[in-house]
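Novice: mind folding the following:
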Amino acid sequence: MALKIRLARAGAKKRPFYRIVIAEATSPRDGLFIEKVGTYNPMLPRDSGTRVVLEIERIKYWLSVGARPTDRVERFLAQAELVPTPAAKSNLVKGVPKKKAKSVLRPTKRLKKPRGEAG
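Specialist: Numbering: from 1, shown residues only. You can find the predicted model right below:
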């Protein structure tokens, strides 16, 4: 039974609110969970004290049992100094044109005619 510490969405349309929960890795995002260990409200300013609320003792317990945090939750836990800061992920390869696009989008030289000449 692989456990994850992840976000479960709540809140209304365009007004997100997340619960930080312990769940099995195979359960759906908003489905069955074992325990609620915190909340995350992205609508609040970054410097707000209630933007991320964590139950530190319970999270320490679940980490000791073997629960693995998702990327976003791992960043929250690193801010609370519960886990080491994760390495910054680079997504530079994603925006590079693929082989087919490179062949289609080859730079072509355009010949410019001087303004004074008719032609």
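Novice: would you state the strands of the chain in chain order?
Specialist: Assigned by DSSP state E, the strands in the chain fall at 3-12, 15-24, 35-40, 52-54, 68-69.
Novice: the shortest one pairs with which strands, and in what direction?
Specialist: Note on strand 68-69: by DSSP bridges, its sheet partners are strand 3-12 (parallel).
Novice: how about the strands of the chain, which one is nearest R46?
Specialist: strand 52-54 (9.8 Å; CB to CB). Quick note: C-beta positions are derived from backbone N, CA and C, even for glycine.
Novice: could you check how many residues crowd around M1?
Specialist: Using other CB atoms under 10 Å, M1 has 7 neighbouring residues.
Novice: how much space separates F33 from R72?
Specialist: 16 Å (CB to CB, to the nearest Å).
Novice: more neighbours, those two?
Specialist: F33 (19 against 13).
Novice: most centrally placed residue in this protein?
Specialist: For the chain, R72 is the residue whose C-alpha lies nearest the centre (CA atoms, centre = their mean; 4.8 Å).
Novice: now do the contacts for that residue.
Specialist: Counting by CB atoms under 8 Å, 6 or more residues apart in numbering, R72 touches L7.
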